[in-house]
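1. What shape does this take:
(one chain, ligands or ions: 1)
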Amino acid sequence: MSPLILHCADSQLTVSPFGAQALSWQVAGQERLWLSLDADLDGHHPIRGGVPLCFPWFGKAAQGPSHGFARTRLWQVAEQSQTDDHAHLVLSLEQDADTEALWPHPFRAEMAFTLKANALQLALTVTNPGSAPLSYTAALHSYLCTDVAQLRITELAGLPYHDKLSNADCLFEDGPDAALPPIPVDAIVPGLSNCRLAQGNDILKIDNQGHDAAVIWNPGPDHGIGDVHFGGEQAFICIESAHALTPITLAPCQRHTLSQTLTVNA
Ligand SMILES: O=P(O)(O)OC[C@H]1O[C@H](O)[C@H](O)[C@@H](O)[C@@H]1O
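-> Numbers count the residues shown, from 1 in each chain. The predicted structure is shown next:
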C-alpha cells in the first residue's frame, strides 16, 4: 500500500491507493495540499488532509460512515502513463461483499489524476454497470494550503449558501471588509465553479466541473477534531467540488465525471 508518486517538470504528486487520495502536491517545492500532522495513516481510517473522496454519499448517512466508504477502501491501479507534458494515473474501485453490505449496488468508480507542470486535475468517474438506475452523491474534498488569517475568497461575496452549522440558508457578506468566508465555515454554495486563493502574487485557481455545488469547510479553532493537529486549521481551507444538493442518477451503462482542476499562478 505504498504511496504512488507522479512527476511532471517541477511538480510532484503523492497518491495513496488507500482511498485513492492525493496526499501531497508540490510545485517548485511549495506544498499545495494540507495534510494533518496527526493524520491516521494506518490504512483503516479516513486520512485527514490531501483530497479525500466522498462516495457514494456526501456527509452523514444512516447506513454507513460519514462521506461513504470510498476513502477507506484500497483502490487498484487501472492505468498509468507519462508524457513530456503530463503524468497520468487512474485508480479504480468496484463493488464487493463489503461495499454491498453498506450499499447494495454494482458500480465502477475511477479516480484519475493528471499532473502538469503547474496544474493538477482530479476526476472521479462513476459508471453504472447494472441493470437498474444508480444514484449517489459525491465530493472531491480538497484541503488547500492557505493562511486562514489572510484568507479572502472574493468570489463568495454576496452569494447564497446553505449553512450546515446553523442549518439555514444564508448569504455571504458583501463589501470591502467582509470576512470571506468567516471561520468556522461549513457552507454548501450552489453552482460555484471557479474561485481563487490569492496570497500576495501567489494564486491558486480552482475550477470545478460536473458538480452542483462547492463546499467550503474549515472547522475553526475550537474544532475538537482529534486528527486535526493543534493550530492546523489555520493553514487550510477545504474547497470541494461536490454533487451534494441532489443525487446523480445514472441509467444502466451511463457514467458521470465530477472534477476539480487546480492551477498555480493562472
Ligand atoms: O470529518 P469528516 O467526516 O472528514 O468531514 C469533514 C467535513 O466535511 C465536509 O466539508 C462537510 O460539509 C462537513 O460537515 C464535515 O465536517
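2. Can you verify my assumption that Gly130 contacts Pro104?
-> No - Gly130 is not in contact with Pro104 according to CB atoms under 8 Å; the separation is 10.3 Å. Using the backbone N, CA and C atoms, a C-beta is placed for each residue, glycine as well.
3. which other helices and strands contact the helix or strand of the chain with the lowest mean pLDDT?
-> Lowest by mean pLDDT, DSSP states H and E among the helices and strands of the chain is strand 194-199, with a mean of 95. In terms of contacts (3 or more CB pairs under 8 Å, 6 or more residues apart in numbering; DSSP states H and E), strand 194-199 is packed against strand 202-209, strand 236-250.
4. Give me whichever of those is most buried.
-> strand 236-250 (a mean of 21; mean count of other CB atoms under 10 Å).
5. What residues does His223 make contact with?
-> With contacts defined as CB atoms under 8 Å, 6 or more residues apart in numbering, His223 is in contact with Pro184, Glu233.
6. Tell me the spacing between it and the ligand.
-> 9 Å (CB to the nearest ligand atom, to the nearest Å).
7. Which one of the residues in the stretch 51-200 of the chain is closest to the ligand?
-> Ser66 (3.7 Å; CB to the nearest ligand atom).
8. Need the nearest residue in space to that residue, chain neighbours excluded.
-> What sits nearest to Ser66 in space, not counting adjacent residues and going by CB to CB, 6 or more residues apart in numbering, is Lys60, at 5.2 Å.
9. Measure how buried that neighbour is and give me the count.
-> Here the number of neighbours of Lys60 (other CB atoms under 10 Å) works out to 9.
10. Please identify the residues of this protein in proximity to the ligand?
-> Proximity of the chain to the ligand is confined to Pro46, Gly59, Ser66, His67, Lys164, Asp186, Val215, Trp217, Cys238 under the rule CB under 6 Å from any ligand atom.
11. Most neighbours among those, which one?
-> Scoring the residues of the chain next to the ligand on neighbours with other CB under 10 Å, the highest-scoring entry is Val215 at 27 neighbours.
12. Excluding residues flanking it in the chain, which one is nearest that one?
-> With sequence-adjacent residues excluded and distances taken as CB to CB, 6+ apart, Val215 is closest to Glu240, at 3.9 Å.
13. In this structure the one you found contacts Ala138, no?
-> No - if you go by CB under 8 Å, Glu240 and Ala138 don't touch, sitting 9.8 Å apart.
14. Between Gly130 and Pro104, which has more neighbouring residues?
-> Neighbours per residue (other CB under 10 Å) separate Gly130 from Pro104, with Gly130 holding more: 15 against 9.
15. Just list the residues touching that one, thanks.
-> With contacts defined as CB under 8 Å, 6+ apart, Gly130 is in contact with His105, Pro106, Phe107, Pro252.
16. switch to 7 Å and redo it
-> For Gly130, the contacting residues are His105, Pro106, Pro252, by CB atoms under 7 Å, 6 or more residues apart in numbering.
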